[in-house]
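Chemist: pasted the sequence and its predicted model underneath.
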Amino acid sequence: MARSPHQPAAAADSVQRLMLWLSLFVVLLTLAAVGVNQILLHRLLIGLAAVWTRGLAADLLREDPALPQLLRGAEPGPGQLDRLGRIATATEIASFRLLRPDGSVLLAAPPPDVPAATAPRRRHQSIPREAASQAPIPSPDKAEPAGTLVISLRENGRRAELRDAFGLAQFGIGGFGASMLLLLVWLGHRGRRAEAEATRTRHLLRHDRLTGLLTHAELRERLALALAAAQPLDQQVAVLVLNLRGFRQMNALHGRATGDAVLAALAGRLRTLVRRSDTVARLSADRFAVVQTSPEAEEDSAALAHRLAAALAGPLVLPNGQSLALKLQIGFATAPKDAQDAELLLACAEAALSSAGTDAQPDICGYDAAMDTLLRLRRETEDDLRMAIEQGTLTLHYQPQRRLGDRGLLGFEALLRWPHPTRGLISPAEFIPLAEQTGLIVPLGAWVLHTACAEAAQWPGEARIAVNLSPAQFRHGDLVATVAEALATTGLPARRLELEVTESLLQDDPEDVVRLLRDLRAMGVSIAMDDFGTGWSSLAHLWRFPFGKLKIDRAFITEMPRDPKLRAIVTTIVGLGRILDMTVIAEGVETEEQARMLAAEGCEQGQGWLFGRPMPAATARRLIAEDQSRVARSAA
């Protein structure tokens, strides 16, 4: 799918062009400065030579005022030319000549005391053409010049000092230019590295790390662009959502590494089965999506869905040599028939997927208007839940947790309730998955945590409060900061807070989960594994995670008195907890018989209707007061 270039990339190109132009400017500026330096040196040397020539001419005239007559042909007197030849000159003057108007030489003389042939030369001495200078010898009548004085200059004295000074300046100019050029080259290289890192970061933000496919957020952006481009051309856009059936069970059977290999191989197949103009994305652990642009007819979407299902159903050979067969459920929707908005169109495809594989629908299902009721209810529920979180109209109930030995009250588990103004009490099983899918679980979880801690902070004694965490809270938001903020603002001691997580959390990024759980434990809170025994990785990963408590799932407790196998499982879990130094609590305890059997097996704590149903906060406070009174009477 074509898309406009990202602004950061355009900005990076502009920076690179700017660096190139700056480099070229520095080179040209350096060359210009060097040229100007040479021109100034040349002119200064010529000017100095002219000054020395005029000065020597004046000295010769003072030495012998009759010099103009000699130059015009008068015969020199005895020793007259010798006196002129021995006149003192500047050290820079190597020799001079007096020329008559016709060009003949009247006198050619080296400096006095030092013959021209033996005049000292500097290491770098040379007599270039500009080292010769001449000046006219004026005549008394100020008519035509009587002759010409020509001097030859040595490269020493002030001339050498001037050349050295300008040489140093030229070296400085060249060094500055080279330094600036190197700086620009370094900045350009650093800019390219920074842009490469930014490009890689943008790629990671937009692409799933395991499969390389686009993320859910990027899919929505691409879909919105496709819809905007298709609408003026009256073209169609289709969205297909694919769900990999039995993925969790496959993970449990073959392990996480195999599951990752399956997802990567599936993503590779999907790329080869769609056109280059189509978009493929990974929505969640086992869910993918395809945006099909410009299908010629609605049937093309169905045809693509069947082709994908058939192609992906073939045996998948993994790197370890295993061969697995995949089965997909596919739901699809088409714009503009089903929806014209990106979010709504994707929701239509999700609704079709929800119907796929049911008794009334095959594994491939297109969106139908009959699904509007379910889709509308989902959207209304999402909007109402968002409003309930913002307005604080949700509530918490508290279920007691007791010791099995003396039935002493240990604390409560906070359970979320949603009293809807028109639909009555909505089950958490209905709105919690919706909150996880829409991202509302982050503000919802923060509200539950803060409210539960605020309530528990008012309880006397050391009664604990247990709060459930969703795996989505570990993937989104800053969970550690959220817990720390709840404890700090409510004043609840960390030792009285217990966070419960399910085994499904262990499937996603275990290294990151271990780090987060250890950070939470470092704060002083306790971590409990909820519904222990029902997940796929309990024994394999339990030792890696810093759990302080195991909660035996109610499924093992209900039939335990009548099923010896279940009792053996409970005994094993209790023994495992004892070995790992973890407290074991059984949930779903409803009868005295179950409580006695659990106590006999060594289980320490229990939770269930036998000890109290979930109750409002005020009732929980009265129960704490009653328990404290009972303990006081027993002590008396």
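Modeler: Arrived safely. Computed from a predicted model, the values in this text were never measured in an experiment. Numbering: from 1, shown residues only.
Chemist: only C-alpha atoms from now on, for both contacts and neighbour counts.
Modeler: Will do.
Chemist: state which helix of this protein is the longest.
Modeler: Longest helix in the chain, counting residues (DSSP state H): helix 7-63.
Chemist: which secondary structure elements does that one contact?
Modeler: Under the contact definition 3 or more Cα pairs under 8 Å, 6 or more residues apart in numbering; DSSP states H and E, helix 7-63 sits against strand 132-137, strand 147-153, helix 157-206.
Chemist: between helix 157-206 and it, find me the angle.
Modeler: Here helix 7-63 points in a direction 180 degrees away from that of helix 157-206 (axes from the mean of the first three to the mean of the last three Cα atoms, to 10 degrees).
Chemist: and the angle for helix 7-63 with strand 132-137?
Modeler: If you take the same axes, to 10 degrees, helix 7-63 sits at 40 degrees to strand 132-137.
Chemist: what sits closest to V290 if chain neighbours are left out?
Modeler: V280 (4.6 Å; Cα to Cα, 6 or more residues apart in numbering).
Chemist: roughly how far does the one you found sit from V262?
Modeler: As judged by Cα to Cα, to the nearest Å, V280 and V262 stand 16 Å apart.
Chemist: then D368?
Modeler: The span separating D368 from V262 equals 31 Å under the rule Cα to Cα.
Chemist: same question for V514.
Modeler: To V262, V514 is 24 Å away according to Cα to Cα.
Chemist: ok, those two, which is more surrounded?
Modeler: The residue with more neighbours, out of V514 and V262, is V262; 25 against 15, by other Cα atoms under 10 Å.
Chemist: ok, back up a step: now do the longest helix of the chain, average pLDDT.
Modeler: Per-residue pLDDT values across helix 7-63 average out to 79.
Chemist: can you mark which positions in the strand or helix carrying V480 are buried?
Modeler: Assigned by DSSP states H and E, V480 belongs to helix 479-490. For helix 479-490, burial by neighbour count (16 or more other Cα atoms under 10 Å) applies to 479, 482-483, 486-487, 490.
Chemist: one more: stretch 136-152?
Modeler: Using 16+ other Cα under 10 Å as the test for burial, stretch 136-152 gives 136-139, 145-152.
Chemist: need the contact list for S470.
Modeler: Residues near S470 by Cα atoms under 8 Å, 6 or more residues apart in numbering: 436, 441, 445, 501-502.
Chemist: now, those that are in helices?
Modeler: Short answer: these in helices (DSSP H) are 436, 441, 445.
Chemist: out of those, which one has the weakest pLDDT?
Modeler: Of all these, E436 carries the smallest pLDDT score, 80.
Chemist: that residue: how many residues sit nearby?
Modeler: Applying other Cα under 10 Å, we find 17 residues neighbouring E436.
Chemist: so what sits opposite T583 in the bridge?
Modeler: Beta-bridge partners recorded for T583 (DSSP bridges): K549.
Chemist: most neighbours among the contacts of S470, please name it.
Modeler: Greatest neighbour count in the contacts of S470, by other Cα under 10 Å, goes to I441: 25 neighbours.
Chemist: so who does that one touch?
Modeler: With Cα under 8 Å, 6+ apart, I441 has these contacts: 432, 435, 470, 472-473.
Chemist: mind checking which helix or strand of this protein has the lowest mean pLDDT?
Modeler: Using mean pLDDT, DSSP states H and E, the weakest-scoring helix or strand in the chain turns out to be helix 538-541, at a mean of 58.
Chemist: quick check: R269 vs A309, distance?
Modeler: Per Cα to Cα, R269 is found 11 Å from A309.
Chemist: likewise for A635?
Modeler: In terms of Cα to Cα, A635 sits 70 Å off from A309.
Chemist: quick check, T30 in contact with F171.
Modeler: No - T30 lies out of contact with F171 (Cα atoms under 8 Å); the separation is 10.6 Å.
Chemist: out of those two, which sits in the more crowded spot?
Modeler: T30 (21 against 13).
Chemist: distance check, the nearest residue to that one once chain neighbours are set aside against G167.
Modeler: Among residues not flanking T30 along the chain, G177 sits closest, at 5.4 Å (Cα to Cα, 6+ apart). Distance from G177 to G167, counting by Cα to Cα: 15 Å.
Chemist: same check on R97?
Modeler: 31 Å.
Chemist: let me see the contact set for I93.
Modeler: Counting by Cα under 8 Å, 6+ apart, I93 touches 111, 151-154.
Chemist: let me fix that, I meant to ask about M582.
Modeler: Contact analysis of M582 by Cα under 8 Å, 6+ apart lists 547-550.
Chemist: again, only using 6 Å
Modeler: Residues in contact with M582 (Cα atoms under 6 Å, 6 or more residues apart in numbering) are 548-549.
Chemist: please begin residue numbering at 345 from this point
Modeler: Yep, numbering from 345; the last one is M926 now.
Chemist: do you know the pLDDT at it?
Modeler: On the pLDDT scale, M926 is placed at 90.
Chemist: ok, back up a step: now pLDDT and distance to D750 too, for the buried residues of helix 823-834, in JSON lines please.
Modeler: As requested, the buried residues of helix 823-834 are exported to JSON lines (pLDDT from 0 to 100; distance: Cα to Cα, whole Å):
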{"residue": "L823", "pLDDT": "88", "distance to D750": "36"}
{"residue": "T826", "pLDDT": "92", "distance to D750": "36"}
{"residue": "V827", "pLDDT": "94", "distance to D750": "32"}
{"residue": "A830", "pLDDT": "94", "distance to D750": "32"}
{"residue": "L831", "pLDDT": "95", "distance to D750": "30"}
{"residue": "T834", "pLDDT": "94", "distance to D750": "31"}
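Chemist: give the buried residues for the host helix or strand of R977.
Modeler: Assessed by DSSP H and E, R977 sits inside helix 961-979. Residues 961, 964-965, 967-968, 972 are the ones in helix 961-979 that count as buried (16+ other Cα under 10 Å).
Chemist: with respect to per-residue confidence, which of these is lowest?
Modeler: Minimum pLDDT for these is recorded at Q972 (88).
Chemist: relative to E936, how far out is it?
Modeler: 23 Å.
Chemist: ditto for L442
Modeler: Note on L442: its distance to E936, by Cα to Cα, is 137 Å.
Chemist: pLDDT below threshold where in the stretch 795-944 of the chain?
Modeler: Residue ranges of the stretch 795-944 of the chain with pLDDT under 70: 820-821, 848, 850-854, 877-887.
Chemist: same thing but 50
Modeler: For the stretch 795-944 of the chain, residues meeting the criterion pLDDT under 50 lie at 880-881.
Chemist: then the stretch 595-744 of the chain?
Modeler: Counting by pLDDT under 50, the low-confidence segments of the stretch 595-744 of the chain come to 703-704.
Chemist: go with 80
Modeler: Where the stretch 595-744 of the chain drops to pLDDT under 80, the residues are 595-603, 628-629, 638-645, 656-671, 698-706, 713-720, 722-723.
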